[in-house]
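# here is my input; please provide its structure:
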Amino acid sequence: MFGRKKKNKKNRKNSTTSPINTVISPDVEVSGDIKGENAIKIDGKVRGDIDIQKSVLLGERGIIEGNVKSKDVVIYGQVTGNIAADNMLLKNTGKVEGDIDTHTIEIELGGICNGRLSMKPKQPETVSTDDAKKRPLKAI
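Coordinates of the predicted model:
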């Protein structure tokens with residue numbers, strides 16, 4: 001109405017919605033492994049493995065020389081190493097030289113991936129027999 005277009009909102013979780021607690025700025029170079037729970041944004045250079053539970057966001061000027069493991073990974077920069085993630089987004093400026101092991105991946109036009117891609121479906125949550133006995137059955 002009134003000439004405004006409605007935005008088409010998808011019900012998709014954005015990998016960068018986690019609050020970023022750690023930032024490595026463009027003028028910083030880190031040598032060594034990084035391990036933690038919360039989200040990290042890397043605009044500088046990291047030589048070492050990264051193991052972050054929530055999410056890793058690699059900026060356009062960011063470089064990682066090592067393996068990356070996280071729930072959500074978004075790549076705008078360059079990675080030389082393997083990536084293990086539940087969800088991965090390779091942006092049009094991103095480049096990965098290594099293997100990717102993920103449940104879901106989105107590669108934008110222009111994104112570069114040189115390596116093996118392995119996609120495995122998420123395992124459905126199982127209910128123990130004790131839990132199943134405690135729950136009442138619903139009529140269909």
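# show me where pLDDT drops low in the protein?
Applying pLDDT under 70 to the chain flags residues 1-17, 124-140.
# now the helices: where do they sit in it?
Here the chain has its helices, by DSSP state H, at 129-134.
# any idea how far the nearest residue to residue 44 once chain neighbours are set aside lies from residue 60?
Sequence neighbours aside, residue 28 is the residue nearest to residue 44 in space, at 4.0 Å (criterion: Cβ to Cβ, 6 or more residues apart in numbering). C-betas here are computed from N, CA, C, even on glycine. Using Cβ to Cβ, to the nearest Å, we find residue 28 at a distance of 15 Å from residue 60.
# the residue nearest to residue 44: neighbour count?
12 (other Cβ atoms under 10 Å).
# so residue 53 touches residue 35, yeah?
No. Residue 53 is not in contact with residue 35 according to Cβ atoms under 8 Å; the separation is 9.1 Å.
# pick out whichever of the two has more residues nearby.
More crowded of residue 53 and residue 35, by other Cβ under 10 Å: residue 53, with 14 against 11.
# residue contacts, that one?
Residues in contact with residue 53, defined by Cβ atoms under 8 Å, 6 or more residues apart in numbering, are 36, 37, 38, 70, 71.
# count of neighbours near the closest residue to the first one other than its chain neighbours?
Excluding its sequence neighbours, the residue lying closest to residue 36 (Cβ to Cβ, 6+ apart) is residue 52, at 5.4 Å. Residues within reach of residue 52, counting by other Cβ under 10 Å, total 24.
# what do you get for residue 93?
Residues near residue 93, counting by other Cβ under 10 Å, number 16.
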